[in-house]
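Colleague: show me the folded form of this:
(one chain, ligands or ions: 3)
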Amino acid sequence: MIKALGFPCKVSAYAFCKSEAYHPRKKGITMELTLTRPDDWHTHLRDGDLLEAVVPHSASLFGRAIVMPNLKPPVTTTAAAVAYRESILKVLPFNSNFNPLMTLYLTDNTSPEEIKLARRSGVVYAVKLYPAGATTNSQDGVTDIFGKCLPVLEEMIEQNMPLLVHGEVTDPNVDVFDREKVFIDTILRPLIQRLPQLKLVMEHITTMDAVKFIESCSESNVAATVTPQHLLLNRNSLFQGGLQPHNYCLPVLKRESHRQAIVSAVTSGSKQFFLGTDSAPHERQRKECSCGCAGIYNAPVALSLYAKVFEKAGALDKLEAFTSFNGPDFYGLPRNTTTITLRRSPWKVPESYSYASGEIIPMFAGQTLEWLPVASP
Ligand SMILES: NC(=O)N[C@@H](CC(=O)O)C(=O)O
Ligand SMILES: [Zn+2]
Ligand SMILES: [Zn+2]
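Modeller: Ligands and ions are numbered 1, 2, ... in the order given. So this is what the prediction gives:
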């Protein structure tokens, strides 16, 4: 629901709210937006000190999060996923109801039996495919999906367990800006033709090719997560005024026309696109060095940034489906029953967050954002 404080109005009336006759900002009226509590369908919580530092940020905004398994060593077994979940629960703020949904890291050697165990555990919700060498901690990933993983994928169909995909080829001869498109053409499309019943999420999409591909697939079986950075930034942001390591993530930011296609897709109301921040913290020195890590830390600002995108597109009425409905509907999970409120009240993003082993720099550090998350009434 969107309301100007004191004058409640429904989301469907937002066009009216934006009209000249009713201009809350001009009149100094504060707008609020109350959403069913969102979930984050793609995040990296890390482990050790960093885990402790970042979990409160995700837990304050999101009801649940799909927790990526690319630790060192990776979370390849149900037993490891259960242990990792325990360590997340231990560092949750007092009174938090945040529910981490665990994933398994697929390797050439994952067995169908492991998928059965994962399903039986009740805490593993998906399996993550990292093509070996594609991204951070992916060296133990899959080298040949068709040659090595078909029995496991068939068991995943049996167990109704989604496959989450980092969709980039790793061939060094393929231009880094083309790796997503080539992955779709050479791996994803043939995979879906071979296993049409497989539930699949293409993670952190970055191109119009990915948008078209998702839209061409079955609505109930294929979907995509979308990050704030791929909705707000294009590849110019990597070089604006000098090299910008904190805007470097994988898949790398693409040209403006791709960004626009992704904004159109998420604001269209399609159920196949949902919130996945890909929040990926790295200690500052590991980003600001001669060979910096890929990953943008956006958990504290993600919701404000998604609201910014939808507002700019004149589509705030579509925000809640993207943040809070499409994800659980795709995963076959109930929608959250609590809410979160965003107030249109400028706030400054901290320059950094310190923790025991250093600091992390959030996306849009030091900048002012319009939408401030506040506790729901
Ligand atoms: N997105 C990134 O740039 N980095 C992620 C890995 C990933 O999601 O590919 C990380 O774990 O740091
Ligand atoms: Zn990835
Ligand atoms: Zn990720």
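Colleague: doesn't Leu50 belong to a helix?
Modeller: Yes. The assignment for Leu50 (DSSP: H, G, I helix; E, B strand; the rest coil) places it in a helix.
Colleague: contacts only, for it.
Modeller: Residues in contact with Leu50 (C-beta atoms under 8 Å, 6 or more residues apart in numbering) are 281, 283, 355, 357, 360. Just so you know, the C-beta spots here come from the backbone N, C-alpha and C atoms, and that holds for glycine as well.
Colleague: tell me what the nearest residue to the first one once chain neighbours are set aside is bridged to.
Modeller: Same thing as Pro281. Excluding its sequence neighbours, the residue lying closest to Pro281 (C-beta to C-beta, 6 or more residues apart in numbering) is Tyr297, at 4.2 Å. Beta bridges link Tyr297 to Pro362 when assigned by DSSP bridges.
Colleague: what is the burial count for Tyr297?
Modeller: Residues lying near Tyr297 (other C-beta atoms under 10 Å) number 28.
Colleague: pretty sure it sits against Pro362.
Modeller: Yes. With contact defined as C-beta atoms under 8 Å, Tyr297 and Pro362 form a contacting pair (5.2 Å).
Colleague: look up how far ligand 2 lies from the residue nearest to Pro281.
Modeller: 15 Å (C-beta to the ion, to the nearest Å).
Colleague: give the full set of residues in contact with that residue.
Modeller: 54, 246, 279-282, 360-363.
Colleague: output the below-cut-off pLDDT ranges for this structure.
Modeller: Within the chain, the segments meeting pLDDT under 70 span 1-28, 376-377.
Colleague: for Met363, give its distance to Ser87.
Modeller: 25 Å (C-beta to C-beta, to the nearest Å).
Colleague: ok, and the closest non-adjacent residue to the residue nearest to the spatial centre of the chain?
Modeller: In the chain, the residue lying closest to the centroid (C-alpha atoms, centre = their mean) is Gly276, at 1.7 Å. In this structure, Gly276 finds its nearest non-sequential neighbour in Thr225, 2.6 Å apart by C-beta to C-beta, 6+ apart.
Colleague: list the contacts for Ala265?
Modeller: 211, 214-215, 226, 273.
Colleague: and those residues, which are buried?
Modeller: Neighbour-count burial (16 or more other C-beta atoms under 10 Å) applied to these gives 211, 214, 226, 273.
Colleague: close to ligand 1: what parts of the stretch 51-200 of the chain are there?
Modeller: 70, 135-136, 166 (C-beta under 6 Å from any ligand atom).
Colleague: and Arg120, what are its phi and psi?
Modeller: Note on Arg120: backbone dihedrals following degrees, to the nearest 10 are phi -70, psi -30.
Colleague: and the one 10 residues further on, by the same measure?
Modeller: In terms of degrees, to the nearest 10, the main-chain angles of Tyr130 are phi -110, psi 120.
Colleague: could you list every residue that touches the residue nearest to Gly276?
Modeller: Here Thr225 is in contact with 41-42, 201-205, 273-276, 278 (criterion: C-beta under 8 Å, 6+ apart).
Colleague: restricted to helices, list those residues.
Modeller: Among these, no residue falls in helices (DSSP state H).
Colleague: what are the ranges of the strands in the stretch 1-150 of the chain?
Modeller: Using DSSP state E, counting those that start in this stretch, the strands of the stretch 1-150 of the chain run over residues 2-4, 7-9, 31-36, 40-43, 64-67, 99-105, 124-129.
Colleague: between Met363 and Ser87, which one's more packed in?
Modeller: Neighbour count, other C-beta under 10 Å: between Met363 and Ser87, Met363 has more, with 24 against 15.
Colleague: what separation is there between the closest residue to the more buried one other than its chain neighbours and Asn247?
Modeller: Nearest non-adjacent residue to Met363, counting by C-beta to C-beta, 6+ apart: Asn298, 4.1 Å away. Going from Asn298 to Asn247 by C-beta to C-beta gives 11 Å.
Colleague: shared neighbours, these two?
Modeller: Applying C-beta under 8 Å, 6+ apart, one finds that Asn298 and Asn247 are jointly contacted by 229, 363.
Colleague: are we agreed that His258 is in a strand?
Modeller: No. Assessed with three-state DSSP, His258 is helix; it does not lie in a strand.
Colleague: okay if I get the residues of the stretch 51-200 of the chain next to ligand 1 as TSV plus neighbour count?
Modeller: Formatted as TSV, these follow (neighbours: other C-beta atoms under 10 Å):
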residue	neighbour count
Asn70	22
Thr135	21
Thr136	18
His166	24
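Colleague: can you give me the helices for the stretch 101-250 of the chain?
Modeller: 112-121, 145-148, 150-158, 179-183, 189-194, 208-216, 228-232 (DSSP state H, counting those that start in this stretch).
Colleague: so which of the ones you listed gets nearest Gln367?
Modeller: Smallest distance to Gln367 across the helices of the stretch 101-250 of the chain (C-beta to C-beta): 11.2 Å, for helix 228-232.
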